[in-house]
Structure formats: structure tokens, C-alpha cells
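1. sequence and predicted structure below; questions after.
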Amino acid sequence: MSADLGVKIQLGLEELETVHKQITSLVKQTNSSDAGDIETAAACAMLHSFYTEMEKILKLIARDWDDRMPSSESWHKDLLNQMATATDKRLAILTPDLVETLSEFLAFRHLFRGASIALMRWNKLSPLVTKVEFTFTQFTRVSKPFALRA
């Protein structure tokens, strides 16, 4: 395990908290009935960053703690499943509910990367936006100990 793993995880958690605050602020300012293109585009970018920050932390744990990172074509999904499984070095990090929720964020990220932002609609994003608070709270709770233990 690298000596600076805890520092990297803590930095990732701080970045995740920043994105969480940005999304929360946007949602407070945006009425879903009048969300325009700018608000929708901002929400898309923030949701993309939100998932990416969590995935970065999971990759750090997979590489440094588990000594292995999935390499298949479906490595993103495989990483979530790996983190939901206990090893001889650590307990399972993700609960089945959190894996399911993170899978929704992952699916959105794949869509966002491949689709035109002009096709995105606030009403399609809002179910995912409403899951940000739960996901942030749960993910922080399960990953923070790795910042402290490493």
C-alpha cells in the first residue's frame, strides 16, 4: 500500500464535497419547471464530475488496497462489483443499494459522454439529481475510513 493513499483519498473526498455543494446550490436556485439549457448543461457536467470523483476513489482503493484493477471492457461496472465484495484485506465497501445507485450515475456518465448536451432535459436528470444527497452521504461514510486507515 502506498504511503500517500490516505492523502489521495482525503483529497478525492474533498473534491467530491465541492461538487456536491455545487449541485446542491444549483438545485436550490433552479425550479424544475423553468430549468433552462444553461441549468441543464451545468447539472449534466456536475453529475458527470460527481460520479467521476467517486470512481477515482474506488480506483485508488482497488489499485493500492486490493492490488488489482479490473481491465475488462466493462471495467467500470466490474469495479463497483469488486468494491461490493470483501477481500482478505478489507470489508466490502459498497452496499448493494449503493452499487445500484452508483450504476445509475455510471449509466448517466456514459450517456453524457456519448450524447449531445442539446438532447439533455432537466426532467430526465431530476431523478438522478434527487439521489445526490443519499449517494454523497453513503459514499462518504463508507470511504472515509480508508483515508484514515491508509
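-> Alright, I've got the coordinates. Residues are numbered from 1 along each chain as shown.

2. by mean pLDDT, which helix or strand of the protein comes out lowest?
-> Using mean pLDDT, DSSP states H and E, helix 122-129 stands out as the lowest-scoring helix or strand of the chain, at a mean of 88.

3. using PDB, write out every CA atom in that one.
-> Presented in PDB, the C-alpha positions along helix 122-129 are these (Å, rounded to 0.1, in the frame of the first residue of the first chain):
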ATOM      1  CA  TRP A 122     -33.900  18.600 -16.800                       C
ATOM      2  CA  ASN A 123     -36.900  16.300 -16.300                       C
ATOM      3  CA  LYS A 124     -34.800  13.400 -17.300                       C
ATOM      4  CA  LEU A 125     -32.000  14.400 -15.000                       C
ATOM      5  CA  SER A 126     -34.100  15.200 -11.900                       C
ATOM      6  CA  PRO A 127     -34.500  11.600 -10.700                       C
ATOM      7  CA  LEU A 128     -30.700  11.300 -10.600                       C
ATOM      8  CA  VAL A 129     -30.300  14.800  -9.100                       C
END
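
4. how about the helix or strand following that helix: buried residues?
-> For helix 122-129, the following helix or strand on the C-terminal side (DSSP states H and E) is helix 132-149. Buried residues in helix 132-149, counted by 16 or more other C-beta atoms under 10 Å: 132, 135, 136, 138, 139, 140, 142, 143, 146, 147. Using the backbone N, CA and C atoms, a C-beta is placed for each residue, glycine as well.

5. distance from the chain centre to helix 132-149, please.
-> Distance of helix 132-149 from its chain centroid, counting by C-alpha atoms, centre = their mean, to the nearest Å, is 10 Å.

6. report the rounded mean pLDDT for that helix.
-> Helix 132-149 carries an average pLDDT of 90.

7. residues contacting that helix, please?
-> Under the contact criterion C-beta atoms under 8 Å, 6 or more residues apart in numbering, helix 132-149 has outside partners 5-7, 9-10, 13, 16-17, 20, 23-24, 27, 47, 50, 54, 57-58, 61, 65, 93-95, 97-98, 101-102, 105.

8. and that helix with helix 122-129, angle?
-> 40 degrees (axes from the mean of the first three to the mean of the last three C-alpha atoms, to 10 degrees).

9. only alpha carbons, please: show helix 132-149 as CSV.
-> The C-alpha atoms that make up helix 132-149 are tabulated as CSV, following Å, rounded to 0.1, in the frame of the first residue of the first chain:
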residue,chain,number,x,y,z
VAL,A,132,-27.1,13.0,-5.0
GLU,A,133,-27.6,13.7,-1.3
PHE,A,134,-28.1,10.0,-0.4
THR,A,135,-25.2,8.9,-2.6
PHE,A,136,-22.9,11.6,-1.2
THR,A,137,-23.7,10.7,2.4
GLN,A,138,-23.4,6.9,1.9
PHE,A,139,-20.3,7.1,-0.2
THR,A,140,-18.5,9.4,2.2
ARG,A,141,-19.4,7.2,5.1
VAL,A,142,-18.0,4.1,3.6
SER,A,143,-14.9,5.6,2.0
LYS,A,144,-13.7,8.0,4.7
PRO,A,145,-12.3,5.2,6.9
PHE,A,146,-9.9,4.3,4.0
ALA,A,147,-8.5,7.9,4.2
LEU,A,148,-7.9,7.4,7.9
ARG,A,149,-6.5,3.8,7.8
